[in-house]
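Visitor: no sequence on hand, only this structure:
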Ligand SMILES: Nc1ncnc2c1ncn2[C@@H]1O[C@H](COP(=O)(O)OP(=O)(O)OP(=O)(O)O)[C@@H](O)[C@H]1O
């Protein structure tokens, strides 16, 4: 092997100590990457790959300028890579031989601290995972804010659904159980096997178990290994209580488009988009959490409703509070930076400005009667902290803390003195020039400054010829073509005062800043409490604003009743306009808890079903709902089986996923759950699908008793209402006019009268030839009796299948002879015979 240069040897040593990360090795004004790192980075970042030691033994290399490295690092982190920053620890100009270099930080997606590619509207969680004898424990934290939680469960499904909601950017798995992740995900998020024996002192909330503590230690050890900084802002570890919030699995979150649109994967078009009028990043993050975790405890829900009611009633205060909140920066993440010791003076000015409006906010809360309520009771306006910052910091300090200019006059006597000297240096110099001109009689005498010998006096050649330097105590320093330069003891004495005053004041400001920063640390818990209350207020003010703009109403809770009068789907209504949207009602109770919904494609079946789920979620978040009135139960879980959520990466077919989602619902739903089943069985052949759909409905009807909205295009299923007492048929009305299909979007009792598949196909602008032919075929099928006018156009796969399940046989099978009078039986027989004769 070729010998490597000392520098490359240093690189290799550092690289070896940090496996699994891309090493950004500082070389002058660049970060360089070598070997495989260079190949990877050049591909991901689309930068040129070159090589070092081109002749002998080329080493692949690429680099990015250090001042623009941030953007590159963000891209790598975003792609799931980890980056180690290796800095020069000495000034190369003043070092002989190799410059010392060290890794100062390892950046991974889960260990960001309010920098590199962080979305301020989202929590940035890192999660640690362990399993011991069938029990899974998880601990997670957003390091930028210091939140930290733990939970455990024996149910793999619950574990997955919780992790899906936490959406960690990075997972740390206890060494040896890596396999667990592939059980949970076909394409697991960024993850690292890690192990730890050390114990870290954390404050534990009630009920944190021994196993959870171990996982917390794993989490903290990993974070420390990567960030190498203090974690003073970690809050008390809270138990993540699975049972205290409504269960929503990943399917429900995405199908109901709670946080992002299914189609675009963007926020626009989601419930979050509809609800978000928050003014602060903290409020935005909290709103997300509230959407993901609707509440179960009625008093907690009603506390929020009550606050929204009050805020709705006080338009002026609400608007005033919005503009005050608008001036509040991300206190949570500023606190994170404070704890990591990388907060700067500009950040502290943001902190000061954030606190400034708090007394006014408190005063308004008091005036409208909210300050004493449980949500706001511990609101701390932090006036002492505000005063401290207001009295100390300059209004526009520089970003760096090594340049001075941070503190206000009057904060430190010593600093004021230094500043006086350096500020008054100019005045002194002007005065000195005047004096020297007079003393020497040279009118064009000047004072200048250069780096080599500091302040000097300059006399033009003409005047210098007869100048008696000694007499005036001038010492010659430099001769130029047309001038002579001198220094004097007086000038030199003042110079050292001036220069050192400036240096001293910068050093002093730095020291004062570090002291202020340390002093501020004691306020971390109070700042966090206030930040939490501010974010709650931000969400509730946002709720009231939305409730006002879209005419929402306060829902009521009453055990078993689910009654929505003229409900609307908030997002669809917002998109198509309130005048176009057709509201629909629903009335369920213990007697009627299943709605079987029929209607042509595109008529609004899905929208109707989703609207019921979204109204329930909004209500349990503490929000008002889009309806004329709503009396709701408190749902423990909402399950959805909607559309084709293809998971191609998993290698599972659409139908398989459909069945898995249905199974999840059937296994876990209770009578307090809400089930949304949209055209179940669509992914398989007609009779398979129909049988499965019916069997599932029966199961829900007999064994679960959950409130269920079940849409189907199998018209035959509408007959079930005669057998299943708790099932009611409804349909979404459409009508035909002038050969065209008009969607009325109105939900009416009873099954749909006929199918409109071909009309919908026309709307999709299929070639006329195809739709005409389909119409003809339909007529033939109808005449054949193979399809009744009521059925959807479903082409039988082959003749055998048609024969086996002839509709007449099907009807015969479903007859309950014990319940029929002889006359009924006669009539039915006649009807069946007619049907057969028509064939
Ligand atoms: N209540 C309503 N008022 C006005 N327009 C509506 C309403 N409900 C639905 N729509 C409109 O109809 C479109 C189709 O609705 P939706 O997807 O719910 O139909 P669907 O019956 O479930 O269709 P498919 O069976 O093809 O899935 C929606 O995108 C929306 O624009």
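Guide: Received, thanks. This structure is a prediction, so every number in the text was calculated from the model and none was measured. Numbering: from 1, shown residues only.
Visitor: can you list the residues of the chain near the ligand?
Guide: With C-beta under 6 Å from any ligand atom as the criterion, the chain comes near the ligand at residues 572, 576, 580-582, 584, 599, 601-607, 745. Placement of C-beta: from N, CA and C, glycine included.
Visitor: mind checking which of those residues are in helices?
Guide: Mapping the residues of the chain next to the ligand onto helices (DSSP state H) picks out 572, 576, 605-607.
Visitor: tell me which two of those sit farthest apart.
Guide: Largest separation among these by C-beta to C-beta: 576 and 605, giving 16.3 Å.
Visitor: ramachandran angles for the closest residue to residue 183 other than its chain neighbours?
Guide: With C-beta to C-beta, 6 or more residues apart in numbering as the criterion, residue 183 has its nearest non-adjacent residue at 7.0 Å, and that residue is residue 156. Main-chain torsions, residue 156, degrees, to the nearest 10: phi -60, psi -40.
Visitor: show me the contacts for the spatially most central residue of the chain.
Guide: Nearest to the geometric centre of the chain sits residue 122, at 2.7 Å (C-alpha atoms, centre = their mean). Neighbouring residues of residue 122 by C-beta atoms under 8 Å, 6 or more residues apart in numbering: 285, 288.
Visitor: need the three-state assignment for it.
Guide: coil (DSSP: H, G, I helix; E, B strand; the rest coil).
Visitor: any idea how far residue 286 is from it?
Guide: As for residue 122, its distance to residue 286 is 11 Å (criterion: C-beta to C-beta, to the nearest Å).
Visitor: go on, residue 551?
Guide: In this view, residue 551 and residue 286 are 25 Å apart by C-beta to C-beta.
Visitor: the more surrounded of those two?
Guide: residue 286 (24 against 12; other C-beta atoms under 10 Å).
Visitor: surely the more buried one is in contact with residue 537?
Guide: No: counting by C-beta atoms under 8 Å, residue 286 does not reach residue 537; the two are 9.9 Å apart.
Visitor: quick check: closest non-adjacent residue to the closest residue to the ligand within the stretch 1-150 of the chain.
Guide: Relative to the ligand, the nearest point of the stretch 1-150 of the chain is residue 121 (26.9 Å; C-beta to the nearest ligand atom). Spatial nearest neighbour of residue 121, excluding adjacent residues (C-beta to C-beta, 6+ apart): residue 284 at 4.1 Å.
Visitor: so the one you found lies in a helix, does it not?
Guide: Yes: the assignment for residue 284 (three-state DSSP) places it in a helix.
Visitor: tally of neighbours for residue 452?
Guide: Residue 452: 7 neighbours (other C-beta under 10 Å).
Visitor: check which helix or strand it maps to.
Guide: Under the criterion DSSP states H and E, no helix or strand holds residue 452.
Visitor: do the one 3 residues further on as well
Guide: Using DSSP H and E, residue 455 maps to strand 454-460.
Visitor: next SSE after that strand?
Guide: Moving toward the C-terminus from strand 454-460, the next helix or strand (DSSP H and E) is helix 461-464.
Visitor: for that next one, what is the distance to the chain centroid?
Guide: On the basis of C-alpha atoms, centre = their mean, to the nearest Å, helix 461-464 sits 74 Å off its chain's mean C-alpha point.
Visitor: and the helix or strand that comes right after that helix, what does it pack against?
Guide: Later in the chain than helix 461-464, the nearest helix or strand by DSSP H and E is strand 475-479. Packing partners of strand 475-479 (3 or more C-beta pairs under 8 Å, 6 or more residues apart in numbering; DSSP states H and E): strand 483-487.
Visitor: what angle do the strand it packs on and strand 475-479 make?
Guide: Using axes from the mean of the first three to the mean of the last three C-alpha atoms, to 10 degrees, one finds that strand 483-487 and strand 475-479 are set 140 degrees apart in direction.
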